[in-house]
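# return atomic coordinates for the entry below.
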Amino acid sequence: MANEFYALLGRMRYITRWGLMRNTFSENIAEHSYQVAVLSHALALIRRDILGLPAPDPDKCAAAALYHDASEILTGDLPTPIKYYNPDIRGAYKQVERVAGNRLLDMLPAALRASYESHVLEDDEEVLPFVKAADKLSAHIKCLEEQKAGNTEFDTAARQTWEAMKAMERPELDWFLDNCLAAFTLNLDQL
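A predicted model of the protein is given here:
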């Protein structure tokens, strides 16, 4: 075993997101995973420290988010319109992601596998809603940034991600949307 896990994670920077869209700036899954980690950490803190509601450990949410798209190192990033076209494709792709995730885990020393398993396979039911909310929030922020740059190609995606976030009915996400999201539309001087 050559323990390729960490070397492959380093290749996340070569996998571009939003492949079917005209982008004013590209985004890769390493950048995206970092942002999802920051956002999921923030959502758990907001739920716990501002809203006073039970929440998982924010550090655990951040760690899970760092690896939430790790399987895409082997599968690539399947565009959303394809991934969610129908339940059969979605189910099949989930199986492909799981196989890829297990393949990555097999590249770790046996003593470390258990520490990464729930993150790579996304099966921690307590943490998963925070990562999913942060993932959708990250996609929406990308849309806002593209719109800010004058790219109307992201208008539909912005509406869809907004509706998807509101449908999640997550109070910590709603708090973030009400109190933090507008800052992502500002330029550096305005910040």
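
# for residue 121, what are its contacts?
98, 101-102, 105 (C-beta atoms under 8 Å, 6 or more residues apart in numbering). Heads up, the C-betas are built off the backbone N, CA and C, glycines and all.

# how about residue 113?
Residue 113 neighbours (C-beta under 8 Å, 6+ apart): 105-106.

# so which strand or helix has it?
Assigned by DSSP states H and E, residue 113 falls within helix 110-121.

# how many neighbours does residue 60 have?
18 (other C-beta atoms under 10 Å).

# show me which residues of the helix or strand encompassing it are buried.
Residue 60 is part of helix 58-67, with elements assigned from DSSP H and E. Within helix 58-67, the residues that count as buried by 16 or more other C-beta atoms under 10 Å are 58, 60-67.

# and after that helix, which helix or strand comes next?
Downstream of helix 58-67 (by DSSP H and E), the next one is helix 72-75.

# if we look at that next one, which residues are touching it?
8-9, 11-12, 15, 29, 96-97, 100, 103-104.

# gap between the helix or strand hosting residue 163 and the chain center?
Assessed by DSSP H and E, residue 163 sits inside helix 155-168. A distance of 15 Å separates the centroid of the chain from that of helix 155-168, by C-alpha atoms, centre = their mean, to the nearest Å.

# what helices and strands are in contact with it?
helix 128-148, helix 171-179 (3 or more C-beta pairs under 8 Å, 6 or more residues apart in numbering; DSSP states H and E).

# I'd like the distance between residue 144 and residue 162.
Using C-beta to C-beta, to the nearest Å, we find residue 144 at a distance of 10 Å from residue 162.

# follow-up on the earlier one: just the mean pLDDT for the helix holding residue 163, thanks.
Averaging pLDDT along helix 155-168 yields 97.
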